[in-house]
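In: pasting the sequence and the predicted coordinates here, then a few questions.
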Amino acid sequence: MKSNDSSLQKLTYQEALTYLDRLGHFGIHLGMERIKALLACLDHPEREVKTIHVTGTNGKGSVASLTAEMLLAAGLRVGKFTSPHLIKYNERITVNDQDISDDDLAEAVAVTAAAARAVVGRGECEQPTQFEILTAAAFWYFARQKLDYAVIEVGLGGLWDSTNVIIPVVSVITNIALEHTDRLGTTLEAIAEQKAGIIKPGVPVVTGAEGAALGPIKAISAANRSRLYIYRQDFTGRELESSMAEQTLQVKIKGGEEAEMGTAFEKTVTADTRTEPRRADYASIYKIHLAGKHQVMNTALAVMTVKLVAEQDGRITEAALHEGAARTSWPGRLELISAHPRVILDGAHNPNGAAALREALDKYYPGQKVYFVFGMMADKDMAQVIKLLIRPEDKVYALRADSGPRAAEADQLVQLIGSNAEACPEVAAAYTKALAAAGPEGLVCVCGSLYLVGTFKTWRQQEQAAADGKNRV
């Protein structure tokens with residue numbers, strides 16, 4: 001379906017947002033029939049771009065961003081599809097680090113909405129979900145942009161996720177923890193099996209999963225004859241120096257006959273005189289500006305991924321990996337936005353994310369009381385996140401993460417946290433109280449959900465715009 005089809009109803013940017021928001025009220029419905037019908041109607045744009053597919057419980061966005069930046073540093077034209085957004089839908093679809101423009105998003109949504117009307121009208125499927133519309137719109141836009149690569153982040157799970165229509169160059173499974181147990185399964189093995197659904201025949205797989213979760217990933221990789229690269233076994237990362245501003249780490253990749261892909265090769269001659277590739281051991285020092293111990297593994301995952309891509313693309317250099325890693329940022333993840341007081345934003349919304357945030361706070365600000373501005377989605381493991389993240393000596397200003405129906409009420413959070421928590425009506429009140437209590441040398445952390453981080457950033461943006469307007473008067 002083309003954007004100039006006579007059947008296409010053009011949308012303004014605001015009309016496109018209204019359409020997406022309306023679809024959001026219908027929730028998430030896993031399954032592939034709707035997205036397949038949509039993409040067929042759009043002439044399969046997902047087949048026109050080489051892709052890297054990224055799933056996992058935590059770290060998907062960081063690994064996707066690191067990977068995209070490394071490819072971009074090689075002079076390639078690179079798209080990225082991630083979710084959720086913090087302020088605008090545009091953030092989810094980027095090309096060469098630039099969010100899709102309002103006009104282009106409106107056009108992409110209009111084209112995809114027209115395709116949705118067509119397939120529903122023909123009885124091929126029911127109405128596609130918001131995420132399916134956005135996924136199809138991203139593929140359509142990327143195809144028109146003539147990309148070298150697109151890095152595609154899974155929305156939920158893997159096997160039945162609407163992004164799972166691609167045959168990528170590399171599949172990445174960052175890690176596995178209990179999440180979305182109502183949809184993905186109640187055990188690590190069941191969730192790993194769902195996420196390993198992105199593995200395709202003959203496509204190499206990079207993973208940071210460990211323990212019980214590795215079993216299904218190994219089995220599905222073997223069944224697909226997909227070479228599997230496992231963190232701590234085939235490659236690893238090691239922290240050398242670390243601060244909130246910068247980390248220095250070493251990435252190592254094992255060589256050997258089993259690892260047939262890589263950038264550093266030596267030649268071995270077999271008994272029948274055929275020459276086969278044998279990768280030499282690799283070790284290199286990287287600098288990143290992403291805080292937290294977990295980013296060491298995420299960086300190693302991205303390096304391993306891009307090295308596998310480089311086997312098929314000689315334009316990707318060692319220098320590009322280092323440059324891309326160094327310039328990667330990922331808003332809302334241990335993001336320091338103020339020094340006096342220190343204000344950190346983090347979207348930690350599950351137990352693994354909460355543990356990583358707490359570890360970082362203790363590492364970079366040992367012994368310091370934390371003043372939390374805290375909100376969560378009610379369908380998350382609130383009790384466990386609170387247990388891992390909040391100490392009795394901390395102070396918590398609890399609020400609804402956003403205005404949506406999934407957000408937990410402030411009073412509900414206070415009841416779970418205890419006497420060191422106070423309910424606040426909205427983000428301005430919570431943040432103002434946290435700043436006053438922390439003082440200029442204190443530590444404020446806005447966290448519990450990416451939706452809360454988005455609410456906070458939107459409010460700050462509005463406050464700044466209002467202040468700028470007054471200054472111009």
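Out: Nice, thanks for sending it over.
In: for Val370, which non-adjacent residue is spatially closest?
Out: In this structure, Val370 finds its nearest non-sequential neighbour in Asp394, 4.6 Å apart by CB to CB, 6 or more residues apart in numbering. Heads up, the C-betas are built off the backbone N, CA and C, glycines and all.
In: and that neighbour, what is it in contact with?
Out: 369-372, 420 (CB atoms under 8 Å, 6 or more residues apart in numbering).
In: measure it to Arg144 for me?
Out: With distances taken as CB to CB, to the nearest Å, Asp394 is found 49 Å from Arg144.
In: Cys447 too?
Out: Cys447 is 37 Å from Arg144, where distance means CB to CB.
In: out of those two, which sits in the busier spot?
Out: Taking other CB atoms under 10 Å, Cys447 and Arg144 do not tie; Cys447 has more neighbours (30 against 16).
In: confidence score at the more buried one?
Out: Turning to Cys447, the model gives it a pLDDT of 97.
In: so what's it bridging to?
Out: For Cys447, the beta-bridge partners under DSSP bridges are Asp346, Phe374.
In: my guess is it contacts Val343, does it?
Out: No - contact status for Cys447 versus Val343: not in contact, 11.0 Å apart, counting by CB atoms under 8 Å.
In: still on that earlier bit, narrow the contacts of Asp394 to those in strands?
Out: Those of the contacts of Asp394 mapping onto strands are 370-372, per DSSP state E.
In: okay if I get those residues as JSON lines plus distance to Pro216, pLDDT and neighbour count?
Out: JSON lines is the format used below for those (distance: CB to CB, whole Å; pLDDT from 0 to 100; neighbours: other CB atoms under 10 Å):
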{"residue": "Val370", "distance to Pro216": "37", "pLDDT": "98", "neighbour count": "25"}
{"residue": "Tyr371", "distance to Pro216": "41", "pLDDT": "98", "neighbour count": "26"}
{"residue": "Phe372", "distance to Pro216": "36", "pLDDT": "98", "neighbour count": "25"}
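In: from the residues you listed, pick the one nearest Ala438.
Out: Ala438 lies nearest to Tyr371 out of the ones in strands among the contacts of Asp394, by CB to CB, at 4.5 Å.
In: separation between Leu435 and Ser403?
Out: Distance from Leu435 to Ser403, counting by CB to CB: 23 Å.
In: state the pLDDT value of the spatially most central residue of the chain.
Out: Centroid check for the chain by CA atoms, centre = their mean gives Gly61 as the closest residue, at 2.1 Å. On pLDDT, Gly61 comes in at 94.
In: name all residues that make contact with Ala115.
Out: Residues in contact with Ala115 (CB under 8 Å, 6+ apart) are 1, 38, 41-42, 136.
In: okay, now the residue nearest to it when sequence neighbours are not counted: neighbour count?
Out: Of all residues beyond its chain neighbours, the one nearest Ala115 is Cys41 (4.1 Å), with distances taken as CB to CB, 6+ apart. Neighbours of Cys41 under the rule other CB under 10 Å: 20.
In: wait, Cys41 sits on Val119?
Out: Yes - look at Cys41 against Val119 with CB under 8 Å: they come within range, at 5.4 Å.
In: next structured bit after the host helix or strand of Val343?
Out: Using DSSP states H and E, Val343 falls within strand 342-346. With elements assigned by DSSP H and E, the helix or strand that comes after strand 342-346 is helix 351-364.
In: now the angle from that following helix to strand 370-374?
Out: Interaxial angle, helix 351-364 versus strand 370-374 (axes from the mean of the first three to the mean of the last three CA atoms, to 10 degrees): 150 degrees.
In: list of residues touching helix 351-364?
Out: By CB under 8 Å, 6+ apart, the residues outside helix 351-364 that reach it are 57-58, 175, 177-178, 242-244, 291-294, 334, 344, 346-348, 368, 370, 381, 384-385, 388-389, 443, 445, 447.
In: let me see the domain layout of this structure.
Out: Segmentation of the chain into domains, based on automatic domain parsing, reads 13-60+67-229+238-246+290-297, 335-472.
In: tabulate those domains (TSV), appending distance to Asp313.
Out: Shown next, in TSV, are these (distance: least, CB to CB, whole Å):
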stretch	distance to Asp313
domain 13-60+67-229+238-246+290-297	8
domain 335-472	32
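In: still on that earlier bit, phi first, then psi, for the residue nearest to Val370.
Out: phi -80, psi 160 (degrees, to the nearest 10).
In: can you check Thr94 too?
Out: Dihedral angles phi and psi of Thr94 (degrees, to the nearest 10) take the values phi -130, psi 150.
In: please apply the same query to the one 4 residues further on.
Out: Main-chain dihedrals, Gln98, degrees, to the nearest 10: phi -110, psi 130.
In: contacting residues for it?
Out: Per CB under 8 Å, 6+ apart, neighbours of Gln98: none.
In: how about a cut-off of 10 Å?
Out: Asn90 (CB atoms under 10 Å, 6 or more residues apart in numbering).
In: how much space is there between the closest residue to Cys445 other than its chain neighbours and Val370?
Out: With sequence-adjacent residues excluded and distances taken as CB to CB, 6+ apart, Cys445 is closest to Ile344, at 4.9 Å. In this view, Ile344 and Val370 are 9 Å apart by CB to CB.
In: mutual contacts of these two, please.
Out: 357, 361, 443-445, 447.
In: the residues you listed: which two are farthest apart?
Out: Between any two of the shared contacts of Ile344 and Val370, the greatest separation by CB to CB is 13.3 Å, found for Leu357 and Val444.
In: mutual contacts of the two, please.
Out: 344, 370.
In: so what's the residue count around Leu443?
Out: Neighbours around Leu443, by other CB under 10 Å: 20.
In: and it, what is it in contact with?
Out: Applying CB under 10 Å, 6+ apart, the residues contacting Leu443 are 341-344, 361, 364-365, 368-372, 394, 434.
In: try it again at 7 Å.
Out: Counting by CB atoms under 7 Å, 6 or more residues apart in numbering, Leu443 touches 341-342, 365, 368, 370-371.
In: quick one: which of these is nearest to Val206?
Out: Nearest to Val206 among the contacts of Leu443: Tyr365, at 32.5 Å, using CB to CB.
In: can you get me a residue count around that closest one?
Out: Look at Tyr365: counted by other CB under 10 Å, it has 16 neighbours.
In: quick one: contacts for it?
Out: Going by CB under 7 Å, 6+ apart, Tyr365 touches Leu443.
In: kindly report the same for Val203.
Out: 167-168, 170-171, 226.
In: buried only: go through these for me.
Out: Buried by 16 or more other CB atoms under 10 Å: 168, 170-171, 226, out of the contacts of Val203.
In: let's have those residues in TSV, adding pLDDT and distance to Asp104.
Out: Converted to TSV, those look like this (pLDDT from 0 to 100; distance: CB to CB, whole Å):
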residue	pLDDT	distance to Asp104
Pro168	98	24
Val170	98	27
Ser171	98	28
Ser226	98	35
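In: which one of those sits closest to Thr186?
Out: When the buried ones among the contacts of Val203 are compared against Thr186 (criterion: CB to CB), the nearest one is Ser171, at 24.3 Å.
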